[in-house]
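Peer 1: fold the following.
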Amino acid sequence: MGRRVRGSLPAVALLLAVVLLMMIAWGSPALAEPLRVLSWGGAYERAQRDALFTPYTEQSGTDVEVSRYAGGLDALRRAVAADEVPWDVIDMTRSQAMAACDEGLLQPLPQDLPAPAPDGTPADRDFISGAMGTCALTHTLFATVVAYRADAFPGRRPARIADLFDQQRFPGPRALQRTPAVNLEWALLASGVPREELYRLLSTPRGLTLALETLDTLGAVRWWVDGEKPVELLLDGQVVMASGYNGRFFEAMVQQGAPIEILWDGQVQEHETWVIPRHARHPQAARDFIRFATSTERLAALAGRIPYGPARESAAVQVGRHPESGVDMRLHIPTHPLNDERAITKDEDWYARTLTRMNDYFAAWLEAREAPAAPEQGETAPDD
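Peer 2: Numbering: from 1, shown residues only. As a prediction, the model looks like this:
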């Protein structure tokens, strides 16, 4: 009997080694509850489900539960303060991620979190410059653009961002996002301010006043918060021009055949990142998901479904045609040379530093703009 026991030791060791290798290959065990992701909904979330969430579940065995938001840090601040954070991973713009990191609302990410490229190129050489931050990892670049109804202007088409503010040549209601970001840049650009001077001038009372006065020339504006709203307003004919995310407009144009076109002039490009909130319940699973979702294969798959530029060089060269429509996705990505000529790169450091101040200025301007006009002296206010 003793000989059999001694003889079985190498077999036991071999079995343990095989099990260990299998555990390493499979990664972390599946969670008993879903990985909770906060994202943006609509066409973007549908693309993420196909390219990221479903493949992650198939590989890891962990379900992904997605909640929807429209940006902002207020809900995260409240959740962290109460130590009751309902998300494991958040899809967040880099300017807001930087502000949230400075406030201690996010967990630092290990610098070796992203996987190397398929050819072995280290991640820090494969990702675009600035992608790897203290608390955030950029996965794509998106753009806020203006889209317009092609049938609203049969004789001429908008060609410059200044046409957004030209109610004489391009009359009709507009829809803009209810935020200072992008609107302020466009207002100054339309006023003749060079792109290189936008943020320097916005740092002065004179520049901010000029931007808000230019926005005032638009007259009535439909302000939106949810990213699907500008598409709906254009399709319903409630507005003739609207700001929005290029991927949402792409889906309406290509997938739905909507009579709208994108004005690429003045597009404002921004990094979209993955972050892990402080007090997340499953931080290791969150890190595993981010590593998976930012791999070359997954980023190329996402860009093949919605035209946002991958943050990895190895993924950008793999972008091809939409798997259903066959459309060449490269022509619709904001960073394509045909679209990028007069793009604005959002100064996310500037917004991270000035986020609260700019939001307060913009909110005060909106409140004054939307307040009912006081009756002139001698007039009587109408009854409610």
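
Peer 1: per-residue confidence at the nearest residue to Arg305 once chain neighbours are set aside?
Peer 2: Once flanking residues are discounted, Arg305 sits nearest to Ala47: 3.9 Å by CB to CB, 6 or more residues apart in numbering. For the C-beta atoms, the positions are set from N, CA and C on the backbone; glycine is no exception. With respect to pLDDT, Ala47 has a value of 96.

Peer 1: name the element Ala47 belongs to?
Peer 2: Using DSSP states H and E, Ala47 falls within helix 42-48.

Peer 1: what about the nearest residue to Thr354 once chain neighbours are set aside, neighbour count?
Peer 2: Computed as CB to CB, 6+ apart, the closest residue to Thr354 that is not its neighbour in sequence is Ser203, at 7.7 Å. Residues near Ser203, counting by other CB atoms under 10 Å, number 13.

Peer 1: ditto for Asp360
Peer 2: 12.

Peer 1: mind listing the helices for the stretch 1-150 of the chain?
Peer 2: Under the criterion DSSP state H, counting those that start in this stretch, the stretch 1-150 of the chain contains helices at 2-26, 42-48, 54-60, 74-81, 94-102, 123-126.

Peer 1: which residues touch the closest residue to Val225 other than its chain neighbours?
Peer 2: In space, and not counting its chain neighbours, Val225 is closest to Ala70: 4.9 Å by CB to CB, 6+ apart. Shown in contact with Ala70 (CB atoms under 8 Å, 6 or more residues apart in numbering): 40, 225-227.

Peer 1: pull the most distant pair out of these.
Peer 2: Trp40 and Val225 (11.5 Å; CB to CB).

Peer 1: neighbour count: the two, which is higher?
Peer 2: Per other CB under 10 Å, whichever of Trp40 and Val225 has more neighbours is Trp40, with 24 against 11.

Peer 1: from Ser295, how far out is the residue nearest to the more buried one when sequence neighbours are not counted?
Peer 2: Nearest residue to Trp40, sequence neighbours excluded (CB to CB, 6+ apart): Gly227, at 5.7 Å. Per CB to CB, to the nearest Å, Gly227 is found 25 Å from Ser295.

Peer 1: wait, Gln96 sits on Tyr69?
Peer 2: No - if you go by CB atoms under 8 Å, Gln96 and Tyr69 don't touch, sitting 11.0 Å apart.

Peer 1: please say which of those two ends up with more neighbours.
Peer 2: Gln96 (24 against 16).

Peer 1: can you check the pLDDT for the more buried one?
Peer 2: Reported pLDDT for Gln96: 93.

Peer 1: now swap in Pro382 and tell me
Peer 2: 36.

Peer 1: from now on call the first residue 33
Peer 2: From this message on, residue numbering opens at 33, which makes the last subject Pro414.

Peer 1: residue ranges of the strands in the protein, please?
Peer 2: Ranges of strands in the chain, per DSSP state E, are 67-71, 96-100, 121-125, 168-181, 206-209, 253-256, 273-277, 292-307, 341-342, 376-377.
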